[in-house]
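Chemist: Turn this into a structure:
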Amino acid sequence: IHQELRVWWSIRQRIACRRRSFVTLGAAATAATLVAVPLPHGVELPAIVEPAAAQAILAPSSGQLTRIHVRAGETVTAGTVLFSLASPRLDSEIARAEIQLTLARERHQRRTADRADRDSTLVIEGEIAKLVETLDGLLRLRDDLAIKAAIDGTVREIMPDIHERRWIQRGEELAAVVGGGAIQLRGYASEEAREALRLDARGRFIPDTPFGRVFDVRLATMAETGADTIEIAALSSLNGGPVAAVEDGERKTRPLLTQFPVLLRPERDEETAARVERGIVHLEGQPVSYAGRLLRRAAAILIREAGF
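Modeler: Sure thing, here's the model as predicted:
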């Protein structure tokens, strides 16, 4: 290496006089400038637009749909019964608990005449209290089979395959109720995207469907820590969304890579939404150089691999 450097030093005058040397130096300086100088760039986030007040109507437990009380487009108030379910298994458990409670109370009433029952009074009273608690819980579950609206609004739609006498699974979506007024946008930012964003950044929502509305937005809030689970089901890869996720043993949707929840707001208050719509938000990112992005990514990998 020392000999090589001496040779290059000895011919430095000839190199400096050549035109090719100036071109090479200029190209190198330009490349270094592009790498080191912060440049503006855009950031893309997966997001959904939805009414600020919305309720997905889910079945609280499995059962048979006995009656549909509303139609799509109908206006409802909070507390309105939308669907009625019946659960023969739950009815059987309630009947069994009522019989057991009746027998326990009869034993408690005759404890003065029966020495064995008199000696086990505390046991019988504990059994009665436990049966009362169990029965109350079962009755609450039966009350929940009358599925009600939690907000004032309009029944946006009833799922196409929902009809009376059909058996419904627990957690199955039956319909959606949306309130009037403002909308909100929720989404997720990757670790790299979060570093490039600033609050109040301007952007534009582009829906996935060709007939959806395009409108301007601003970044309102951004979480400081990554999400443990993907709460926006429409954005999960398990439902065809862009956020890579897996389902764990507890049936929770976990992101494969760190995702930070974000909330955006439309630039114009008059924007409305009749349904949940998935899309991409293009936001203005903070100016950053390629060198800075490379260093940040390398630092993030080192921190992650080190277990911090």
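Chemist: When you work out contacts or count neighbours from here on, use the C-alpha atoms and nothing else.
Modeler: Noted.
Chemist: Buried residues in the helix or strand containing Val217, which are they?
Modeler: Element membership for Val217 (DSSP states H and E) is strand 215-222. Residues of strand 215-222 classed as buried: 216-220, 222 (neighbour count, 16 or more other C-alpha atoms under 10 Å).
Chemist: Just name the closest of the residues you listed to Leu257, please.
Modeler: Met222 (16.7 Å; C-alpha to C-alpha).
Chemist: ok, for the closest one, nearest residue in space, not its chain neighbours?
Modeler: Spatially, and ignoring its direct neighbours in sequence, Met222 is nearest to Val262 (4.5 Å; C-alpha to C-alpha, 6 or more residues apart in numbering).
Chemist: What ranges in the protein fall below the confidence cut-off?
Modeler: For the chain, applying pLDDT under 70 flags the ranges 1, 8-9, 11-26, 28-29, 31-40, 111-119, 180-181, 270-274, 287-308.
Chemist: who touches the longest helix seen in it?
Modeler: Counting by DSSP state H, the longest helix found in the chain is helix 121-144. Contact with helix 121-144 is made by 60, 90, 93-94, 97-98, 100-101, 104-105, 107-108, 111, 117, as judged by C-alpha atoms under 8 Å, 6 or more residues apart in numbering.
Chemist: one more time with 7 Å, if that's ok
Modeler: If you take C-alpha atoms under 7 Å, 6 or more residues apart in numbering as the criterion, helix 121-144 is touched by 60, 94, 97, 101, 104-105, 108.
Chemist: And for stretch 154-174?
Modeler: By C-alpha under 7 Å, 6+ apart, stretch 154-174 touches 56-68, 72-76, 175-179.
Chemist: let's see it at 6 Å
Modeler: Contacts to stretch 154-174, defined as C-alpha atoms under 6 Å, 6 or more residues apart in numbering, come from residues 57-67, 72-76, 175-178.
Chemist: again with stretch 194-213
Modeler: The contact list for stretch 194-213, computed with C-alpha under 6 Å, 6+ apart, reads 214-220, 278-286.
Chemist: So for it, first residue to last residue, what's the gap.
Modeler: Stretch 194-213 has an end-to-end distance of 25 Å (criterion: C-alpha to C-alpha, to the nearest Å).
Chemist: rewinding a little: the strand holding Val217 packs against which elements?
Modeler: Judged by 3 or more C-alpha pairs under 6 Å, 6 or more residues apart in numbering; DSSP states H and E, strand 215-222 is in contact with strand 202-207, strand 259-266.
Chemist: beta partners for the residue nearest to Met222?
Modeler: Note on Val262: beta-bridge partners by DSSP bridges are Gly187, Met222.
Chemist: Quick one: residues contacting it.
Modeler: Val262 neighbours (C-alpha under 6 Å, 6+ apart): 186-188, 221-222.
Chemist: residues making contact with the strand holding Val217?
Modeler: So strand 215-222 is contacted by 199-205, 262-267 (C-alpha under 6 Å, 6+ apart).
Chemist: do stretch 175-193 as well
Modeler: So stretch 175-193 is contacted by 45-57, 153-159, 259-265, 272 (C-alpha under 6 Å, 6+ apart).
Chemist: how about the CA coordinates for it, as CSV?
Modeler: Listed next in CSV are the C-alpha coordinates belonging to stretch 175-193 (Å, rounded to 0.1, in the frame of the first residue of the first chain):
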residue,chain,number,x,y,z
ALA,A,175,-74.5,-5.0,10.5
ALA,A,176,-73.0,-1.6,11.1
VAL,A,177,-74.4,1.6,12.5
VAL,A,178,-72.8,4.9,11.6
GLY,A,179,-73.5,8.3,13.2
GLY,A,180,-73.7,11.5,11.1
GLY,A,181,-71.1,14.2,11.1
ALA,A,182,-67.3,14.1,11.2
ILE,A,183,-65.0,11.4,10.0
GLN,A,184,-61.6,10.2,11.2
LEU,A,185,-58.7,8.3,9.6
ARG,A,186,-56.7,5.7,11.5
GLY,A,187,-53.7,3.8,10.3
TYR,A,188,-50.2,2.6,11.1
ALA,A,189,-46.7,3.9,10.5
SER,A,190,-43.6,1.7,10.2
GLU,A,191,-40.6,2.5,12.2
GLU,A,192,-38.9,4.1,9.2
ALA,A,193,-42.0,6.1,8.3
